[in-house]
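Q: have a look; sequence and predicted model below, questions after that.
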Amino acid sequence: MASSAESYFEYLYTVGFEDTNIVGNVYYTNYLRWQGRCREMFLKERAPEVLVDLQDDLKLFTLKVDCEFFAEVTAFDDISVRMRLIDLAQTQLEFGFDYLRLEPGGETLVARGRQRVACMRGPNNATAPARIPESMIRALAPFTVAGARGAE
């Protein structure tokens, strides 16, 4: 779900026990999983043509992910994962993710991450770099960080 007031795509999630470790904090790999889920929901809602292309020969390879943690998240916290386009090249994109805990009195930034993705085409044993589909570039336009390289 996109916010009309902000330039981000938003994925909302309620943390469950399955997301936590033995001491009750969210296990770090879940933040990376939420990045992927946010990206998938963006494609489903904003760029369904790309999903059709993925069933053909387009591949989106995640090249790099990272996440920096600022505060603990526990079971039943409501989380907003907000995705923005940070960088756009001919065959690669970079997304930024803000993770916010939604609370009755406001929200708290609990983590921030990035994800670099490459577009490839061809059979699994012979993929080659490919241009980012125009439909994806158009869908990302409202969620582009001001001054993002390549997104002018």
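A: On my side now, so go ahead.
Q: what distance separates the lengthiest strand in the chain from the centre of its chain?
A: Secondary structure of the chain per DSSP state E: the longest strand is strand 106-121. Mean C-alpha position of strand 106-121 versus that of the full chain (C-alpha atoms, centre = their mean, to the nearest Å) differs by 5 Å.
Q: got a list of contacts for the helix or strand that that strand is followed by?
A: Later in the chain than strand 106-121, the nearest helix or strand by DSSP states H and E is strand 128-129. If you take C-beta atoms under 8 Å, 6 or more residues apart in numbering as the criterion, strand 128-129 is touched by Thr91, Ala118, Cys119, Met120, Arg121, Gly122. No exception for glycine: its C-beta is placed from N, CA and C like everyone else's.
Q: can you check stretch 117-126 too?
A: By C-beta under 8 Å, 6+ apart, the surrounding residues in contact with stretch 117-126 are 39, 57-63, 91-95, 127-133.
Q: among the residues you listed, which are in helices?
A: Secondary structure defined by DSSP state H assigns Arg39 of the contacts of stretch 117-126 to helices.
Q: quick one, which of the contacts of stretch 117-126 are buried?
A: Neighbour-count burial (16 or more other C-beta atoms under 10 Å) applied to the contacts of stretch 117-126 gives Arg39, Leu58, Leu60, Gln92, Leu93, Glu94, Phe95, Thr127, Ala130, Ile132, Pro133.
Q: so who does the fourth one touch?
A: What it means is Gln92. Contacts for Gln92 (C-beta under 8 Å, 6+ apart) come out as Leu63, Arg116, Val117, Ala118, Cys119, Ile132.
Q: what is the nearest of the residues you listed to Val145?
A: Taking C-beta to C-beta as the measure, Val145 lies nearest Arg116 of the contacts of Gln92, at 14.5 Å.
Q: I figured the closest one hits Leu60, correct?
A: No. With contact defined as C-beta atoms under 8 Å, Arg116 does not reach Leu60; the gap is 11.0 Å.
Q: show me where pLDDT drops low in this protein?
A: Along the chain, the parts satisfying pLDDT under 70 run over 1-6, 147-152.
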